[in-house]
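J.: What follows is a predicted structure for the sequence shown.
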Amino acid sequence: MKIREATNADIPAIMEVIVEVVPLMRASGNLQWDSSYPNFAVFAEDIAASQLWVAEIDGAIAGLSAITTEQYPEYADVGLDINETAIVTHRLAVSPRYRGKGIAASLMQQAEQVAIERGINTLRVDTNSANEATRKLFPKIGYQFVGEMSLHFRPGLRFYCYEKRLDQ
């Protein structure tokens, strides 16, 4: 497996992963994503900001994540200091064809590497409360559950917020 920054040429393959993932998410009750989000424009913006990473296996895009410093204001609702710079993982997805190969954990490890390179000691991530896979993964890789929140742009859904500190 190779983890690297995404390029615009990767967007069609990234969108294929999203097309594979969204119906499975929705079928399991995880309504976080739909046919309008995430989309081509969101990924193009991530690439332009040098914050989209992909996991490749044998030249194919197997997973992706945006590794950003963008924190939702609602993180404050669970007691997090959103004025503290943090590396935040968004849009984490793994193709169902490649599940069980440690791809999500590897992408989360890349977020940690970015944090170390930038001298940032805090990592954060959130997930839909119905996403059992990530709710199991995050604690396994050292993230602590910090609370449940809602997000204004996803009304009616609940999200679990996690944090990992590198300075403790």
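T.: That came through fine.
J.: Shouldn't Gly147 be within a strand?
T.: Yes: counting by DSSP: H, G, I helix; E, B strand; the rest coil, Gly147 falls inside a strand.
J.: how about it, what does it touch?
T.: Asp77, Val78, Gly79, Tyr160, Cys161 (Cβ atoms under 8 Å, 6 or more residues apart in numbering). From N, CA and C alone the C-beta is placed, and that goes for glycine too.
J.: How confident was the prediction at it?
T.: Note on Gly147: pLDDT of 97.
J.: for Val42, same thing?
T.: At Val42, the pLDDT value in this model is 97.
J.: cool, and the one 4 residues further on?
T.: Taken from the predicted model, the pLDDT recorded for Asp46 is 98.
J.: Strands along this protein, start to end?
T.: Applying DSSP state E to the chain gives strands spanning 2-5, 52-57, 60-68, 87-94, 122-128, 144-149, 159-165.
J.: If any of the contacts of Gly147 are buried, give me the PyMOL selection for them.
T.: Only the buried entries of these go into this PyMOL selection, using 16 or more other Cβ atoms under 10 Å:
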select buried, resi 78+160+161
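J.: quick one: the nearest residue to Ala104 once chain neighbours are set aside from Val54, how far?
T.: Excluding its sequence neighbours, the residue lying closest to Ala104 (Cβ to Cβ, 6 or more residues apart in numbering) is Val94, at 5.3 Å. In this view, Val94 and Val54 are 11 Å apart by Cβ to Cβ, to the nearest Å.
J.: Overlap in contacts, the two.
T.: Ala62, Gly63.
J.: Please name the residues that touch Lys164.
T.: Lys164 is in contact with Glu112, Thr122, Leu123, Arg124, Ile141, Gly142, Tyr143, Gln144, counting by Cβ under 8 Å, 6+ apart.
J.: again with Ile67
T.: Residues near Ile67 by Cβ under 8 Å, 6+ apart: Gln51, Leu52, Trp53, Ile87, Val88, Thr89, Gln110, Ala111, Val114.
J.: Around the residue nearest to Ala104, how many other residues sit close by?
T.: Using other Cβ atoms under 10 Å, Val94 has 24 other residues around it.
J.: same question, Glu74
T.: Neighbours of Glu74 using other Cβ under 10 Å come to 18.
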